[in-house]
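1. sequence unavailable; structure follows:
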């Protein structure tokens, strides 16, 4: 480590280390302010909330840059620490402060070196991801049907995009995404053309085109670089997550404003979640954990609430149920009914036996009625369904079943 540090000025290392430490409390205050602003403006447009979160992120970066500059500017100042013997008792607190500073300075090289190592590792990952995005952009493509080229360019004009853009059909991407800023390319998975209706695909394209109109790809790169510098800072990462959320909401709003069909868009999001279960979703229609929020929000922002109340309520229940199933598919356990258990109990009531069955099966069954007579029971390799039925039959007055 010393061989690396010796190539860099010590005052630069000190400034970096102290800037990183100060960023924790500085960004905490900014994150708190951001949370209060978002709470006060919870009914504001998604774009307004997005700009508030983005401003908080840039303020955090500016604050840290100012801290670094301040330490660099004062690095040439020589500070002579006073001794406790020469100080009045009222100044001992100041001496404790200098003691803490000396303690941190002892490890400042280690802090800076570890930070540089992690940033370098994250930087390598970013480069690998970039190379992979270029691979997706240029390889494993199929010819885009002329029909979809015409639809795509028409939607681009509708949304207000006049610069050069391109639609490409990918055989390997798992989710729609935008790649590039100067000459952006929208990648559309071939699977969507086969599995979704034209209206649904148009809604997806509107969402992706909204990202292009809003310059989200470029801003996303800047956001990634800031997150890389402050990878250790949970407060800045929280601000970044709010930007991600409101960015998606803002693009949803643009898409819904144009196609005037929030039900269609919500259903499209649900189907995307189902298609991408067990797979990592890319940047633009992304984050499984945000899909449920996005579907719910689409229904909350419908203007004609009274006219569509019954249909929307039913549709929302169906969509949310399907979405939860899609997102949680990996975590769904085997059916409880088919779980095989064994039970050996002696001299306990039927209610206590049911408690033992519930523990083994993960159920919460109760007996409607049963006396407190003590029973002895041995069950070998029986399904949970049969064990529960057996106990319920017994409680209902059929002791011969045991």
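-> Perfect, I can see it now. Source: prediction; values computed, not measured.
2. quick one, domains of the protein?
-> 2-71+101-136, 139-331, 336-401 (automatic domain parsing).
3. tell me the most buried of those?
-> For these, the stretch with the most neighbours on average is domain 139-331, a mean of 17; neighbours defined as mean count of other C-beta atoms under 10 Å. C-beta: built from backbone N, CA, C; applies to glycine.
4. now it: mean pLDDT?
-> With pLDDT averaged residue by residue, domain 139-331 scores 81.
5. just the helices in the stretch 201-350 of the chain please.
-> With DSSP state H, counting those that start in this stretch applied, the stretch 201-350 of the chain shows helices at 216-229, 234-259, 262-275, 288-300, 309-327, 350-361, listed in chain order.
6. phi, psi for residue 175 please.
-> According to degrees, to the nearest 10, the main-chain angles of residue 175 amount to phi -150, psi 150.
7. so what sits opposite the nearest residue to residue 148 once chain neighbours are set aside in the bridge?
-> Once its chain neighbours are removed from consideration, residue 148 has its nearest residue in residue 167; the separation is 6.4 Å (C-beta to C-beta, 6 or more residues apart in numbering). Partner residues in beta bridges with residue 167: residue 186, with DSSP bridges as the criterion.
8. residue 67 and residue 245, how far apart?
-> 28 Å (C-beta to C-beta, to the nearest Å).
9. what of residue 164?
-> Note on residue 164: its distance to residue 245, by C-beta to C-beta, is 30 Å.
10. and the helices of the stretch 201-350 of the chain: which comes nearest residue 151?
-> With respect to residue 151, and counting by C-beta to C-beta, the nearest of the helices of the stretch 201-350 of the chain is helix 234-259 at 12.5 Å.
11. dump the residue contacts of residue 34.
-> Contacts for residue 34 (C-beta atoms under 8 Å, 6 or more residues apart in numbering) come out as 52-53, 56, 239, 242.
12. how about the contacts made by the nearest residue in space to residue 144 that is not next to it in sequence?
-> Beyond its immediate neighbours in the sequence, the residue positioned closest to residue 144 (C-beta to C-beta, 6+ apart) is residue 169, lying 5.1 Å away. Taking C-beta under 8 Å, 6+ apart, we find residue 169 in contact with 141-145, 148, 187-190, 193.
13. looking at these, which are in helices?
-> In this view, the contacts of residue 169 that belong to helices under DSSP state H are 148, 190, 193.
14. ok, now which ones touch the second one?
-> Residues in contact with residue 190 (C-beta under 8 Å, 6+ apart) are 142, 169-171.
15. any chance of those residues in TSV, plus distance to residue 61 and secondary structure?
-> Output for those, formatted as TSV (distance: C-beta to C-beta, whole Å; DSSP: H, G, I helix; E, B strand; the rest coil):
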residue	distance to residue 61	secondary structure
142	42	strand
169	38	strand
170	34	strand
171	39	coil
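16. which among those residues gets closest to residue 112?
-> The nearest member of these to residue 112, counting by C-beta to C-beta, is residue 170 at 42.0 Å.
17. if anything else comes up later, I'll come back, but that's it for now.
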